[in-house]
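# Let's see this in three dimensions:
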Amino acid sequence: MVEPVDAWWRRRQWSRGVPMPYAVGEFREAWASYPVLIRQYHPDWNAGVVLTQIPPAAEVLLTWECDVGHVFVATPAEQRGRPGRERRRSVWCPECSLMAKPQRWPTLPEDWPAAVPAPQRAVRATGRQTLPAAPARRGGGGNMPVSAVASTRAGRGRGVGRTSGSRATMPRTICPKTPRLPSGEPFVSVCAPATASAVEAELRAALSSRFDFTFDQNAIRLDRPFHDHVEAWPDIILPELRVAIEYDSTGRHGLEHVGSREDSDRRKDRALRSVGWEVVRIRTGRLPALGPYDLQVSGISGRTVDRLVDTLRDLRGALFVDAYAR
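Alright, predicted model coming up:
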């Protein structure tokens, strides 16, 4: 049951029998990859409870303030689940999201009675204040929490004909442009997006200066669908080693590789490993490691490239990797 933060804190004090149920910094690692949420949270608006004292799975109403200044109430799960398919900064705030996607009301006829009021936007009561309701998401969801809508969407496409609750989900359409190749085969895909990150190009150039690898392939054939495709598009593909390299950062607005996007990264890694490839993720911005060979770094540098080369040697053997050295 969701409850206000002060009531939740008192209940935890009683259940644990101590004045401080959770120490300051106890959940720092869980919140470290959400710099936007750290900035939006104010302890003085939440009964003096620090964000690192709140478990990410706690069903508690917390007060937040977006960068524009809108104050709203949301649970940790709702906030952590907001970055979905959208890449807008306003996705973190219900009020900003509503203004970014204004509701379109039908045009009233000229003979419409003047006494009839125009439609008003719905509001929801939170106990602390009355706030604008979060906008309804297309494709279902209504007033469901954002985390619930995200999990419902994530469930679609995992299998054909699976059900979500009492409603059956329709099978997803697979892109027909993927060539018929054996699973795990690298190739040049016409569906893969163009490289837009300068960091990826820098990392590729650093590896190219050290090794004679093939860098002209951009996709790997999978044995099951992944986001409407049976192919994956890692940032860098090393077909000689069957290793895929990903560069992850939180991005400009802190939306990348967090929340449901982190779940998508895990699915992608599992799909690649199931066809015989290994994944090495270079994680920046305090993003946690997802796999056993991931590197947590502050940025791309000569030391980072050295660590990546050592990781490749651990994966495939120093003699085999060094055979491609220039």
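
# mind listing what's buried in the helix or strand hosting residue 99?
Using DSSP states H and E, the element containing residue 99 is helix 94-100. Along helix 94-100, these residues count as buried under the neighbour rule (16 or more other CB atoms under 10 Å): 94-98. No exception for glycine: its C-beta is placed from N, CA and C like everyone else's.

# Show me what it is packed against.
Applying 3 or more CB pairs under 8 Å, 6 or more residues apart in numbering; DSSP states H and E, we find helix 94-100 packed against strand 71-74, strand 130-132.

# sorry, back to before: looking at the buried residues of helix 94-100, spot the one nearest residue 259.
Closest to residue 259 out of these is residue 97 (14.6 Å), distances taken as CB to CB.

# per-residue confidence for the closest one?
The model reports residue 97 with a pLDDT of 78.

# Return the helix holding residue 99 as PDB; C-alpha atoms alone will do.
C-alpha atoms of helix 94-100 as PDB (Å, rounded to 0.1, in the frame of the first residue of the first chain):
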ATOM      1  CA  PRO A  94       4.100  14.800 -15.400                       C
ATOM      2  CA  GLU A  95       3.300  18.500 -15.800                       C
ATOM      3  CA  CYS A  96       6.200  19.000 -18.300                       C
ATOM      4  CA  SER A  97       5.100  15.800 -20.100                       C
ATOM      5  CA  LEU A  98       1.600  17.100 -20.400                       C
ATOM      6  CA  MET A  99       2.700  20.400 -21.800                       C
ATOM      7  CA  ALA A 100       5.000  18.600 -24.300                       C
END
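
# mean pLDDT for the helices and strands packed on helix 94-100: which is lowest?
strand 130-132 - the lowest mean pLDDT of those, at a mean of 45.

# Residue 325: how many residues sit nearby?
9 (other CB atoms under 10 Å).

# what stretches of the protein score poorly on pLDDT?
By pLDDT under 70, the low-scoring segments of the chain are 83-88, 100-175, 196.

# Domain-wise, how is it divided?
3-107+124-137+144-148, 186-322 (automatic domain parsing).

# Reformat those domains into a markdown table and put distance to residue 178 next to each item.
Formatted as a markdown table, the domains of the chain follow (distance: least, CB to CB, whole Å):
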| stretch | distance to residue 178 |
| --- | --- |
| domain 3-107+124-137+144-148 | 21 |
| domain 186-322 | 5 |
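
# Point out the one among those domains that comes closest to residue 176.
Short answer: domain 186-322, nearest of those by CB to CB, at 10.0 Å.

# and the closest one, how far from the chain's centre?
Relative to the centre of its chain, domain 186-322 is centred 16 Å away, using CA atoms, centre = their mean, to the nearest Å.

# That domain: end-to-end distance?
This stretch, domain 186-322, spans 22 Å end to end (CA to CA, to the nearest Å).

# all strands of this structure, in order?
3-4, 60-65, 71-74, 123-125, 130-132, 163-164, 167-168, 186-187, 219-226, 229-232, 236-238, 243-248, 278-283, 295-296 (DSSP state E).

# Pipe the buried residues of helix 94-100 into JSON lines and attach distance to residue 189 per row.
JSON lines is the format used below for these (distance: CB to CB, whole Å):
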{"residue": "94", "distance to residue 189": "37"}
{"residue": "95", "distance to residue 189": "40"}
{"residue": "96", "distance to residue 189": "36"}
{"residue": "97", "distance to residue 189": "33"}
{"residue": "98", "distance to residue 189": "37"}
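
# What is the nearest of those to residue 258?
Nearest member of the buried residues of helix 94-100 to residue 258, counting by CB to CB, is residue 97, at 16.8 Å.

# Once you drop chain neighbours, what's closest to the closest one?
residue 90 (4.9 Å; CB to CB, 6 or more residues apart in numbering).

# do residue 80 as well
residue 259 is the one closest to residue 80 (CB to CB, 6+ apart), at 5.3 Å.

# in terms of contact, does the one you found touch residue 81 like I think?
Yes: contact status for residue 259 versus residue 81: in contact at 5.2 Å, counting by CB atoms under 8 Å.
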